[in-house]
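# below is the structure, and that's it, no one-letter string:
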């Protein structure tokens, strides 16, 4: 029962932070939506920021089961896995009339000067995303040129996704998202073509 209350508070905070933003979500909002009293919240979390840290730890630990596994189900090709992941964000945008925002990206933009523990967990979440995508590019092997920085390409993919989501939310259209992802795919295809040409010339 105690752990259920903690989980309910955390899940409620995660949803409200994503919908309204961290600053615009009050402790009273969380208590009301969670159906809990202040004593229950402060039993687990000394401050609202402590609750935010728990939410960020949940995102960190859940990237595999909550994001990667559903996006990659049935997708074996490593490069297609990258674009399957981006397609998952597109589906979330489409399902919300382009109001969805990457929760980590939204928090990072909202909290201009986050306290060190918050900034560290935001960074860890971004790093986990980049690591997963980098793994796809590494698994692509010789399909990409040997001198391509796989980590840099994964960071570029993350910034493309975050920027594309931001534009889609601002313009309330998927057109900008599709254009950004299309340009990324074109770039990756050019890298694949370059790799094929280099193998033939050896």
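Cool, the structure landed. This is a predicted model, so every value here is computed, not measured.
# how's the protein carved up into domains?
1-46, 56-201 (automatic domain parsing).
# centroid-nearest residue for the protein?
With distances taken as Cα atoms, centre = their mean, the residue of the chain nearest its centroid is residue 102 (5.3 Å).
# which non-adjacent residue is nearest that one?
Ranked by Cβ to Cβ, 6 or more residues apart in numbering and with sequence neighbours excluded, the top spatial neighbour of residue 102 is residue 165, at 5.4 Å. Backbone N, C-alpha and C define where each C-beta goes, glycine included.
# residue 10 is in contact with residue 58, correct?
Yes - counting by Cβ atoms under 8 Å, residue 58 does reach residue 10; the two are 6.3 Å apart.
# looking at these two now, which is surrounded by more residues?
Higher neighbour count among residue 58 and residue 10: residue 10, with 20 against 16, using other Cβ atoms under 10 Å.
# which residues touch the more buried one?
By Cβ atoms under 8 Å, 6 or more residues apart in numbering, the contact list for residue 10 reads 51, 54-55, 58.
# pLDDT and secondary structure for those residues - can I get that in JSON lines?
Putting those into JSON lines (pLDDT from 0 to 100; DSSP: H, G, I helix; E, B strand; the rest coil) gives the following:
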{"residue": "51", "pLDDT": "93", "secondary structure": "helix"}
{"residue": "54", "pLDDT": "95", "secondary structure": "helix"}
{"residue": "55", "pLDDT": "95", "secondary structure": "helix"}
{"residue": "58", "pLDDT": "94", "secondary structure": "helix"}
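# out of these, give me the two with the largest separation.
Across the contacts of residue 10, the longest distance by Cβ to Cβ is 10.7 Å; it joins 51 and 58.
# where does the prediction get shaky in the chain?
Within the chain, the ranges that satisfy pLDDT under 70 run 1-2.
# picking that back up, dump the contacts of residue 10 to CSV, plus distance to residue 69.
Below are those laid out as CSV (distance: Cβ to Cβ, whole Å):
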residue, distance to residue 69
51, 26
54, 22
55, 20
58, 16
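# from those, which single one is nearest residue 21?
Out of the contacts of residue 10, the member with the shortest distance to residue 21 (by Cβ to Cβ) is residue 55, at 12.7 Å.
# quick one: residues in contact with stretch 95-112.
14, 17-18, 21-23, 52, 56, 59, 89, 92-93, 114, 118, 122, 125-126, 129, 161-162, 165-166, 168-169, 171-174.
# buried ones among those residues?
For the contacts of stretch 95-112, a burial check counting by 16 or more other Cβ atoms under 10 Å picks out 14, 17-18, 22, 52, 56, 59, 89, 93, 114, 118, 122, 125-126, 129, 161-162, 165-166, 168-169, 174.
# wait, residue 9 touches residue 30, no?
Yes - Residue 9 is in contact with residue 30 according to Cβ under 8 Å; the separation is 6.5 Å.
# for the lengthiest helix in the chain, name the packing helices and strands.
The single longest helix within the chain, with elements called by DSSP state H, is helix 175-201. The contact analysis (3 or more Cβ pairs under 8 Å, 6 or more residues apart in numbering; DSSP states H and E) places helix 175-201 against helix 78-95, helix 150-171.
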